[in-house]
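In: any chance you could fold what I've pasted below:
(chains A and B)
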Amino acid sequence: MDIIAQLFAGLSLGSVLLLAALGLSLTFGQMGVINMAHGEFMMAGAYTAFVVQGVVGDAGVSLLLALPLGFVVGGLLGLLLEATLIHRMYRRPLDTLLVTWGVALVLQQVARDVFGAPNVDVRAPAWLSGAVEIGGLALPRTRLFILALAAVCVVALALALRATPLGRRIRAVVQNRDLAEASGISSRTTDRVTFFIGSGLAGIAGVALTLLGSIGPTLGTNYIVDAFLVVVAGGIGQVKGTVIAATALGLMQAFFEYSTTASVAKVLVFVAVVAFLQLRPQGLVSVRTRSLA
Amino acid sequence: MNDIDLTAADALLGTDTARFRHDYLEVRGLRVEFDGFVAVRDVDLTVTQGDLRFLIGPNGAGKTTLIDAVTGLVRATGSAAFGGTELLGRTTHRIARAGVGRTFQTASVFEELTVLQNLDIAAGARRRPLSLLRRRADPPAAVDQALETIGLTALRDTPAGVLAHGQKQWLEIGMLLVQDAHLLLLDEPVAGMTQAEREETGQLLRRIGSQRVVVVVEHDMEFLRSFADSVTVMHQGQVLAEGTVNEVQNDPAVVEVYLGADAASSDATTTGSAEPVATEGDHS
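Out: From the prediction side, this is the model:
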């Protein structure tokens, strides 16, 4: 029974990691931008949920409203960052890292100024309170909701990338920028759209996090490292790899935590990822082609 | 190995339309500079429809840079107009949408996308943003015809990255056809192909050249002699000579450049062996 409880805890943690990392798999994985402010886009999504609840009142309605709004808020912040700063330094990853780190600090301070330094709470709707009993095991409804949300986001993103012309354009620009331009595709527009979607997913992740506890200006910093870890371990630019890596990391964390402590578990997960990357630097899933380049 | 299908090519190219009958590429006083190094200077070039133009010259002569300049990948001064539309100063994708298509020195396709998706991207470059979210039921007829033309119908769902080298080069040409490019700038389209593939590609280029404006950068002299209508020779960033294959071959200045250069390039003129992939494209 304990094993099943840990399994669920791991999957649940994995789904949170997945939500945090899914957007990064686009902006970092596909576009190669190290955006340290990705966590702050999550924070912005979380505060969006807080504001919407303040306006709407009803917890259920506000959650359903906050999900698309969080996507838009995160996406617009991303778009703004891309258009003002990031697009000037696509070939300078270290500069991007430092600049976006600075932007992250600014965004945290803005949140502190606007909403105050103490954490705030967003009420979960009544239909998400309590737990579902399955075989004597209590599964919190909020956790189940986040699992489902993560699954929906993954499927939606995978479909968008695979089945729509827009997705093909995104992949085309990632694979060969010059050829995409020469084929009549505006790589600037495609970059912006990609960044909007990736940042928007961070916003959705932030809304989801309000279901798990109180939120504060540093919410994002708790997740950014894990999110990068997931994308790197999963293999750059592969949604499939991100899903597998997030699940694996969640499960490892849960099981290590059960047999040791939270901090030791974290160390063990890091060691495992480092060891894994020594064996397979390209990550779990990588693409092989007969390319000359 | 699938073959080029010229009948499909004819269907795809259509018959001469009034709109494009008088299209021509007109380059005047083109100059490209990289940090003080002048890669292309004072180049004048006029190419009309029905005149399959070959662009040759030793490595570093500026052939690829010229194509890069016309397609907006490198900055240039002077003028390059197609069908009366000035191309310089526009972004690459706008130039592409104005009907100018090009291939790259190393066969460049979207390796992780299927053959069909590659063609679909080229065919859909002018689509409106919102229509990008809808899945198209069937690929347009031009895509099917292009697949027939380049002999890749059976491989339509294969990732382009695993195609044979020659098939990738054909796919590049197919993409230009569905892109509805009316000026095609082909950078070494037969490099690395077998003799049979060269022959087929040459026939296809002839067909395309009769309906479109085509410029081919090529090192293979035998290929050039078989298919070129006219030749422009570049040397050190400038046009050295221009004319029919015979005129150019007997031009003392051209002979001087090729024989005076190292043995490798003189080999290329006399024996018709293809040079290894040139390095001049590395500036861009």
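In: got a list of what A:Gln6 touches?
Out: Shown in contact with A:Gln6 (C-beta atoms under 8 Å, 6 or more residues apart in numbering or on different chains): A:Ala254, A:Phe255, A:Tyr258. To be clear about C-beta, it is placed using only N, CA and C from the backbone, and glycine gets the same treatment.
In: list buried residues within those residues.
Out: Neighbour-count burial (16 or more other C-beta atoms under 10 Å in any protein chain shown) applied to the contacts of A:Gln6 gives A:Ala254, A:Phe255.
In: quick check: which of the contacts of A:Gln6 has the minimum pLDDT.
Out: For the contacts of A:Gln6, the weakest pLDDT value sits at A:Tyr258, with 85.
In: which residue, other than its chain neighbours, is closest to that residue?
Out: Once flanking residues are discounted, A:Tyr258 sits nearest to A:Gln6: 5.0 Å by C-beta to C-beta, 6 or more residues apart in numbering or on different chains.
In: you'd agree the one you found is in a helix?
Out: Yes. In this structure, A:Gln6 lies within a helix as judged by DSSP: H, G, I helix; E, B strand; the rest coil.
In: distance-wise, check it relative to A:Ala245.
Out: Distance, A:Gln6 to A:Ala245, using C-beta to C-beta, to the nearest Å: 19 Å.
In: can you check A:Arg177 too?
Out: 27 Å.
In: what about those two, which has more around it?
Out: Taking other C-beta atoms under 10 Å in any protein chain shown, A:Arg177 and A:Ala245 do not tie; A:Ala245 has more neighbours (28 against 16).
In: so the more buried one is in contact with A:Asp226, correct?
Out: No. The criterion here is C-beta atoms under 8 Å, and A:Ala245 misses it with A:Asp226 at 10.5 Å.
In: got any residues that touch both of the two?
Out: A:Ala21.
In: so, low pLDDT: which residues of chain B?
Out: B:1-2, B:15-22, B:125-139, B:259-284 (pLDDT under 70).
In: mind listing the strands for it?
Out: All strands of chain B, identified by DSSP state E, fall at B:24-34, B:37-48, B:53-56, B:77-82, B:85-86, B:100-102, B:183-187, B:213-217, B:230-235, B:238-243.
In: next one: the stretch 101-250 of chain A
Out: Applying DSSP state E, counting those that start in this stretch to the stretch 101-250 of chain A gives strands spanning A:131-134, A:137-140.
In: okay, those in CSV with mean pLDDT and distance to B:Ala191 next?
Out: Converted to CSV, these look like this (pLDDT from 0 to 100; distance: least, C-beta to C-beta, whole Å):
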stretch, mean pLDDT, distance to B:Ala191
strand A:131-134, 85, 63
strand A:137-140, 86, 61
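In: could you dump these to TSV with mean neighbour count and distance to A:Leu157?
Out: Shown next, in TSV, are these (neighbours: other C-beta atoms under 10 Å in any protein chain shown; distance: least, C-beta to C-beta, whole Å):
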stretch	mean neighbour count	distance to A:Leu157
strand A:131-134	11	27
strand A:137-140	15	25
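In: how near is the residue in the stretch 151-284 of chain B that chain A sits nearest to to B:Leu171?
Out: Closest residue of the stretch 151-284 of chain B to chain A, C-beta to the nearest C-beta: B:Gly161 (2.8 Å). Distance check for B:Gly161 against B:Leu171: by C-beta to C-beta, it reads 11 Å.
In: common neighbours of these two, please.
Out: In contact with both B:Gly161 and B:Leu171: B:Val109, using C-beta under 8 Å, 6+ apart.
In: who's more crowded, the two?
Out: More crowded of B:Gly161 and B:Leu171, by other C-beta under 10 Å: B:Leu171, with 26 against 18.
In: neighbouring contacts of the longest helix along chain B?
Out: Ranked by number of residues, the top helix in chain B under DSSP state H is helix B:195-211. With contact meaning C-beta under 8 Å, 6+ apart, helix B:195-211 is reached by B:3-4, B:6, B:9-10, B:13-16, B:20, B:49-52, B:149, B:166, B:169-170, B:173, B:177, B:184, B:186, B:189-190, B:193, B:214, B:216, B:220, B:223, B:226-227, B:229.
In: how does it look with 7 Å?
Out: B:3-4, B:6, B:9-10, B:13-14, B:16, B:50, B:52, B:166, B:173, B:184, B:189-190, B:193, B:214, B:216, B:223, B:226-227 (C-beta atoms under 7 Å, 6 or more residues apart in numbering or on different chains).
In: what's the answer for stretch B:226-244, then?
Out: Contacts of stretch B:226-244 (C-beta under 7 Å, 6+ apart): B:38-45, B:51-58, B:61-63, B:202, B:205-206, B:224, B:245, B:248, B:251, B:253-254, B:257.
In: which of those residues are buried?
Out: B:39-41, B:43, B:45, B:51-58, B:61-63, B:202, B:205-206, B:224, B:245, B:248, B:251, B:254, B:257.
In: hmm, B:Leu30 is touching B:Asp68, no?
Out: No. If you go by C-beta atoms under 7 Å, B:Leu30 and B:Asp68 don't touch, sitting 11.1 Å apart.
In: looking at these two now, which is surrounded by more residues?
Out: B:Asp68 (28 against 24).
In: skipping its backbone neighbours, what lies nearest the more buried one in space?
Out: Here the residue nearest B:Asp68, using C-beta to C-beta, 6+ apart, is B:Val74, at 4.4 Å.
In: residue numbers of the stretch 151-284 of chain B in contact with chain A?
Out: Within the stretch 151-284 of chain B, the positions near chain A by C-beta under 7 Å from any C-beta of the partner chain are B:Pro159, B:Gly161, B:Val162, B:Met175, B:Gln179.
In: hmm, 6 Å instead?
Out: B:Gly161, B:Val162 (C-beta under 6 Å from any C-beta of the partner chain).
In: flag every buried residue along stretch A:85-95.
Out: Neighbour-count burial for stretch A:85-95 [16+ other C-beta under 10 Å]: A:Leu85, A:Ile86, A:Met89.
In: relative to chain B, how far out is the second one?
Out: From A:Ile86 over to chain B the distance is 19 Å, taken as C-beta to the nearest C-beta, to the nearest Å.
In: what segments of chain B are helices?
Out: B:6-13, B:18-21, B:63-70, B:92-97, B:115-123, B:141-149, B:165-178, B:195-211, B:221-227, B:245-249, B:252-260, B:263-271.
In: out of those, which is closest to A:Ser186?
Out: Proximity to A:Ser186 (C-beta to C-beta) singles out helix B:92-97 among the helices of chain B, at 4.7 Å.
In: does chain A sit close to that closest one?
Out: Yes. Using C-beta under 6 Å from any C-beta, helix B:92-97 reaches chain A at B:Thr92, B:His93, B:Ala96, B:Arg97.
In: show me which of the contacts of helix B:195-211 are buried.
Out: Buried residues within those, counting neighbours by 16+ other C-beta under 10 Å: B:4, B:9, B:13, B:52, B:166, B:173, B:184, B:189-190, B:193, B:214, B:216, B:223, B:227.
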